[in-house]
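Chemist: any chance you can model this:
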Amino acid sequence: MPVFYTPRRLLLMLCCAAPITFTQAADDGQIPYLNEGRAWQFEWHNDAFFGSDNQFTSGFKFRLSSSIAADLDDTQGTPAIGKVLARRLLPDDRSLSYREIWAVGQNIQTPEKISIGEIILNDVPYLGVLGVSNSYVAFDEKRFTGFGLLLGWSGEAALGEESQEAAHKLTGSEDPKGWGNQLEFEPLINFYYTKKRKLWDIPGFSGSVTGDAALGNFFTYGQVGVDFIFGKAPGGFLYKPMPLGRGLDFDASLRTPTERYTYVSLTARTTGFAHAMPRDGNLFRNDNEWTENNTIDSETWVHQLVFGLHHERPRWGMHLNFWLSSDTIEDDSKLFPSEDADNSFGTLTFDFRMRDLSQH
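Modeler: Residues are numbered from 1 along each chain as shown. From the prediction side, this is the model:
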């Protein structure tokens, strides 16, 4: 007896044969990850994870990410500063998702011997930085493009001395004596551009390649790397929490609303520096004693491994990352005897996420 494929029967067959993916609509007509609203993150960075107190010392950062949107113009929830540039640099593709991110934070750097009040010229300088970043990203399961800018300042107005003295008093640590020798006030402006491509994506494992560039008087560099994720992880792309201004701030994860994720990440990357204020000093000031007279030479090429542990629930998550660095200062710089030439530190991150009720 012949079988007649009525429209209803064909529809049922298609539904059974094609399970929902991140790019398909759920039963209620919504793409699952588009129900994700604003996200708040807090990052705390410190080299105490490695028993150190030299080069990058500590920092914090608060991030706010807009709801995931289907168009750059719809990334509402944060004021727009860089959208004019972002429209030119990000792809305009209706198959991509878009997000806008704001971050505000502080970084502190000191030489190893903070008990010395005089200027130390054979070690990195005292440096405090305050600033705000604004980023825009376009992404899906396979592609990522991001653009961002940093506006901030260095010097006494960055309150590095006050922050470190308060933290050391609270923990009973040694009082830093050399902040009178910190780098001078300098307005900071930096631009960041990132491209990512996912090459491997199977259950329990994914891998991506990354290219980054930064241009400005805080950091100027080119960078390539690979990201590997092991375990049950969200779709999209991995973000590695980093001190303010070290790279692009972004949130490009694609989650289903009720899933829990536990995974491990490993990143390897190489960076070629043209300028790094923490090791080269002020760029636009010629009246800073450390910048004019220091005896250290920065490494042009720096290699890093970043190991991360991650646990995420539908509305919150915790992340612990360890940044392992090769030497950032050349061996022949005759560093202060107790100084460590590399720049390793750890990061602890908490995040909280909301559903975008406007899409129901």
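
Chemist: hey, let's count contacts and neighbours off CA atoms from now on
Modeler: Noted.

Chemist: does residue 262 count as helix, strand or coil?
Modeler: Secondary structure, DSSP: H, G, I helix; E, B strand; the rest coil: residue 262 is strand.

Chemist: do I have it right that it meets residue 204?
Modeler: No - Residue 262 lies out of contact with residue 204 (Cα atoms under 8 Å); the separation is 10.3 Å.

Chemist: compare these two (neighbour count), which wins?
Modeler: Legend: neighbour count by other Cα atoms under 10 Å for residue 262 and residue 204, higher for residue 262 (17 against 11).

Chemist: the more buried one pairs with what?
Modeler: Using DSSP bridges, the bridge partners assigned to residue 262 are residue 232, residue 311.

Chemist: cool, residue 319 as well?
Modeler: Beta bridges link residue 319 to residue 310, residue 349 when assigned by DSSP bridges.

Chemist: contacting residues for it?
Modeler: 308-311, 347-350 (Cα atoms under 8 Å, 6 or more residues apart in numbering).

Chemist: where does pLDDT dip in the stretch 201-350 of the chain?
Modeler: Residues of the stretch 201-350 of the chain meeting the criterion pLDDT under 70: 332-342.

Chemist: if you set the cut-off to 50 instead, what comes out?
Modeler: 338 (pLDDT under 50).

Chemist: what about the strands in it?
Modeler: In the stretch 201-350 of the chain, the segments counted as strands under DSSP state E, counting those that start in this stretch are 205-216, 219-232, 235-237, 252-254, 261-276, 301-312, 316-325, 345-355.

Chemist: turn these into JSON lines, including distance to residue 186.
Modeler: Putting the strands of the stretch 201-350 of the chain into JSON lines (distance: least, Cα to Cα, whole Å) gives the following:
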{"stretch": "strand 205-216", "distance to residue 186": "12"}
{"stretch": "strand 219-232", "distance to residue 186": "13"}
{"stretch": "strand 235-237", "distance to residue 186": "34"}
{"stretch": "strand 252-254", "distance to residue 186": "32"}
{"stretch": "strand 261-276", "distance to residue 186": "14"}
{"stretch": "strand 301-312", "distance to residue 186": "25"}
{"stretch": "strand 316-325", "distance to residue 186": "27"}
{"stretch": "strand 345-355", "distance to residue 186": "25"}
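
Chemist: what about the contacts of residue 319, which one has the most neighbours?
Modeler: Result: residue 347 is most packed of these (other Cα under 10 Å), 23 neighbours.

Chemist: gap between that one and residue 147?
Modeler: For residue 347, the distance to residue 147 equals 23 Å [Cα to Cα, to the nearest Å].

Chemist: swap in residue 238?
Modeler: 16 Å.

Chemist: which one's more surrounded, those two?
Modeler: Using other Cα under 10 Å as the criterion, residue 238 and residue 147 rank with residue 147 on top: 29 against 20.

Chemist: which ones are touching residue 131?
Modeler: Contacts of residue 131 (Cα under 8 Å, 6+ apart): 104-106, 150-153, 244.

Chemist: inside strands: which ones of those?
Modeler: Counting by DSSP state E, the contacts of residue 131 place 104-106, 150-153 in strands.

Chemist: show me which of those residues are buried.
Modeler: The neighbour-count criterion (16 or more other Cα atoms under 10 Å) marks 104-106, 150-153 among these as buried.

Chemist: what segments of the stretch 1-150 of the chain are helices?
Modeler: Here the stretch 1-150 of the chain has its helices, by DSSP state H, counting those that start in this stretch, at 7-17, 83-89.

Chemist: quick one: buried residues of the last one?
Modeler: When you say that, I think you mean helix 83-89. 83, 86.

Chemist: who's in contact with that helix?
Modeler: Applying Cα under 8 Å, 6+ apart, the contact partners of helix 83-89 are 72, 136, 147-148.

Chemist: and the contacts of residue 131 as JSON lines, adding distance to residue 286?
Modeler: Output for the contacts of residue 131, formatted as JSON lines (distance: Cα to Cα, whole Å):
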{"residue": "104", "distance to residue 286": "28"}
{"residue": "105", "distance to residue 286": "27"}
{"residue": "106", "distance to residue 286": "24"}
{"residue": "150", "distance to residue 286": "23"}
{"residue": "151", "distance to residue 286": "21"}
{"residue": "152", "distance to residue 286": "19"}
{"residue": "153", "distance to residue 286": "16"}
{"residue": "244", "distance to residue 286": "25"}
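
Chemist: which one among those gets closest to residue 285?
Modeler: residue 153 (12.7 Å; Cα to Cα).

Chemist: from residue 217, how far off is the residue nearest to the closest one when sequence neighbours are not counted?
Modeler: Distances taken as Cα to Cα, 6 or more residues apart in numbering put residue 187 closest to residue 153, at 4.4 Å, once the chain neighbours are dropped. Distance, residue 187 to residue 217, by Cα to Cα: 9 Å.

Chemist: which one's more surrounded, the two?
Modeler: residue 217 (19 against 16).

Chemist: now do the phi/psi pair for the more buried one.
Modeler: The phi/psi pair for residue 217 (degrees, to the nearest 10) reads phi -90, psi 0.

Chemist: could you pull up the contacting residues of it?
Modeler: Residue 217 sits next to 188-190, 275-277, 283 when contact means Cα under 8 Å, 6+ apart.

Chemist: ok, of those, which come out buried?
Modeler: Buried among those (16+ other Cα under 10 Å): 188-190, 275-277.

Chemist: distance between stretch 99-116 and the chain's centre?
Modeler: Here stretch 99-116 is found 13 Å from its chain centre; the criterion is Cα atoms, centre = their mean, to the nearest Å.

Chemist: tell me the buried residues in that stretch?
Modeler: For stretch 99-116, by 16+ other Cα under 10 Å, it's 99-114.
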